[in-house]
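>>> what shape does this take:
(one chain, ligands or ions: 1)
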Amino acid sequence: MLNEALRIAGEKIGAGREPAINVHNPYTGTLVGRVPKATLEEVKLAYETARACKPTLSRFERAAILQRAAALVRERVEAIAALITSESGLCLKDTRYEAGRVADVLMFGANECLRDDAQTFACDITPHGRKRRVHTLREPLLGVITAITPFNHPMNQVAHKVVPAVATNNRVVLKPSEKVPLSALAFADLLYEAGLPPAMLQVITGDPREIADEMITNPAVELVTFTGGVAIGKHIAARSGYRRLVLELGGNDPIIVMEDADLDEASSLAVQGSYKNSGQRCTAVKRMLVHEAVRQRFTDLVVDKTRAWRHGDPAHPDTEMGTVIDEAAARQFEARVDEALAQGARLLAGHRREGAFFAPTVIDRVDPAMTVVREETFGPVSPIIGFSNIDEAIRISNGTAYGLSSAVCTNRLDYINRFVAELQVGTVNVREVPGYRLELTPFGGLKDSGLGCKEGVQEAMKLYTHLKTYSLPWT
Ligand code: NAD
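Have a look, this model is predicted:
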């Protein structure tokens, strides 16, 4: 199965072409593949090709391509999961789940492009009205879409950028993370196999220091959609000028556990939210805020469930957590936990590093000012912070630069109403992990987590289109 997955990616990766980027398995260190390092001239050519392409696929044709691709993903879940695991170190349980999500994105894209959200307005509804009607229609962008994706969901992040573009007859030039380019290339291959004209989606692999600026400033680009860290997101915002911009940036999501919560449920949500995908989700639980009245019992449960979380070889079918993306990332988590411990936090589980592997780690007596919780710690670390009442919980939760999502464990409607109204985030999930959503539903953050534009297939399709109005002289 793995060989099949590598073959899918391998055929496109320009074997023997130099210069190239080597992709290594973060767990074994072995070479998984090589992808071309695109030159500036090649990037410019990609935009010329995209600009010259004027897609004319009908809604039916676009839906058929996306449905076929969804079926191919479902048929090849095992091979896709093996490919993602081999280049990211994520465990097979996580990457099978990711492949299922990719199929969902494709299915929702197929469904949505069959829907027409055109509106019509009668104009004789005011004293100075006329016997006319205003109608709306959606058109693809005039220019090209640049999509830039991060490493943590190597195929699903790509699907979320590309599928809404296919569904709206747009052209995309995509640059996946240089850490995990093979999954993006495999996804593009699936779409070509399903019938997508190649000029509608071109994948560029390369060194961002050499090619990213061109991808943001090329005159053919009308929209830049970026998912990744805050620093690069803000750099793109400053550099991109008069263009549409979609930024999905970092997160620092809390799970807030009130005194009435079901602690078994809350602790399960907390550890799942913290360790799934090796803690590398923008919506991972990064802070556990717990009411003092239940703090000790909740902490004991979190520690027990952390110790039981099976971590190790990502390719073993029983493993629940593999490595993080690379050794540098694992060293950063180690250093942040060391710093917190030196400042008075207490270690309760984990904090062992070997190469790119960092064990699920619980610390308590954490102060909100410590780097481990003030900054986004993009790995399997569970810092526990106590609070005395809902005002304090809301204040701590809102006290970071981020505002992506949140989880709230309580059954009290008065609490729920306050959290929904007062948490400065894009999503409040009651008795669910912060990351819960459908691939269809609106998703995105505030503050440093994003500009407020939403992704999710339906909202992204709106962002990727112009709403034109025309009026006719009849009622
Ligand atoms: P990153 O910001 O380091 O890289 C993201 C992408 O930007 C990569 O493709 C990289 O090659 C590219 N890039 C690098 N330099 C660039 C430049 N100068 N101009 C343009 N592009 C450039 O992020 P990462 O480490 O790959 O991913 C982790 C981050 O992504 C975390 O902060 C995480 O929270 C965030 N993220 C956010 C969401 C969301 O939806 N809000 C989802 C997933 C991940």
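>>> going forward, measure contacts between C-alpha atoms and count neighbours the same way
Noted.
>>> which SSE is immediately downstream of the worst-scoring helix or strand of the chain on mean pLDDT?
Ranked by mean pLDDT, DSSP states H and E, the weakest helix or strand in the chain is helix 2-10, scoring a mean of 40. Helices and strands here follow DSSP states H and E; after helix 2-10, the next one along the chain is strand 20-24.
>>> report whether the helix or strand following that next one contacts the ligand.
Following strand 20-24 in sequence order, the next helix or strand is strand 31-36 (DSSP H and E). No: Strand 31-36 is not in contact with the ligand by CA under 6 Å from any ligand atom; minimum separation 13.6 Å.
>>> now strand 31-36: mean pLDDT?
Averaged over strand 31-36, pLDDT sits at 96.
>>> got the buried residues for it?
Going by neighbour count (16 or more other CA atoms under 10 Å), the buried part of strand 31-36 is V32, G33, R34, V35, P36.
>>> closest one to C409 out of those, please.
For the buried residues of strand 31-36, the minimum distance to C409 (CA to CA) is 41.7 Å, reached by V32.
>>> ok, that closest one touching P26?
No: V32 is beyond contact range of P26, at 9.8 Å (criterion: CA atoms under 8 Å).
>>> need the residues touching each of these two.
S86, E87 (CA atoms under 8 Å, 6 or more residues apart in numbering).
>>> three-state assignment of A118?
Reducing the assignment at A118 to three states with DSSP: H, G, I helix; E, B strand; the rest coil gives coil.
>>> how about it, phi and psi?
Main-chain dihedrals, A118, degrees, to the nearest 10: phi -60, psi 140.
>>> tally of neighbours for it?
For A118, the neighbour count with other CA atoms under 10 Å is 12.
>>> near the ligand, which residues of the stretch 251-400 of the chain? Just list them.
Selection of the stretch 251-400 of the chain residues close to the ligand by CA under 6 Å from any ligand atom yields G251, R281, C282.
>>> tell me the contacts of the second one?
Taking CA under 8 Å, 6+ apart, we find R281 in contact with N152, H153, F378, G435.
>>> show the pLDDT at the residue lying closest to the third one once chain neighbours are set aside.
The shortest distance from F378 to any residue that is not its chain neighbour, by CA to CA, 6 or more residues apart in numbering, is 5.2 Å, and that residue is Q280. You'll see Q280 listed with a pLDDT of 98.
>>> how about the one 5 residues further on?
According to the per-residue confidence, V285 scores 98 in pLDDT.
>>> residue contacts, the closest residue to Q119 other than its chain neighbours?
Ranked by CA to CA, 6+ apart and with sequence neighbours excluded, the top spatial neighbour of Q119 is T136, at 5.3 Å. T136 is in contact with A118, Q119, T120, L467, K468, T469, Y470, counting by CA under 8 Å, 6+ apart.
>>> for the helix or strand Y470 falls within, name the packing helices and strands.
Secondary structure assignment for Y470, by DSSP H and E: strand 465-472. Helices and strands touching strand 465-472, by 3 or more CA pairs under 8 Å, 6 or more residues apart in numbering; DSSP states H and E, are strand 133-140.
>>> ok, and for the strand it packs on, which residues are buried?
In strand 133-140, counting by 16+ other CA under 10 Å, buried: R133, V134, T136, R138, P140.
>>> likewise stretch 236-250?
Neighbour-count burial for stretch 236-250 [16+ other CA under 10 Å]: I236, A237, S240, L245, V246, L247, E248, L249, G250.
>>> and that stretch, average pLDDT?
Averaged over stretch 236-250, pLDDT sits at 97.
>>> phi first, then psi, for T28.
phi -90, psi -20.
>>> that one: how many residues sit nearby?
If you count neighbours by other CA under 10 Å, T28 ends up with 14.
>>> ok so L223 is a strand residue?
Yes: if the criterion is three-state DSSP, then L223 is within a strand.
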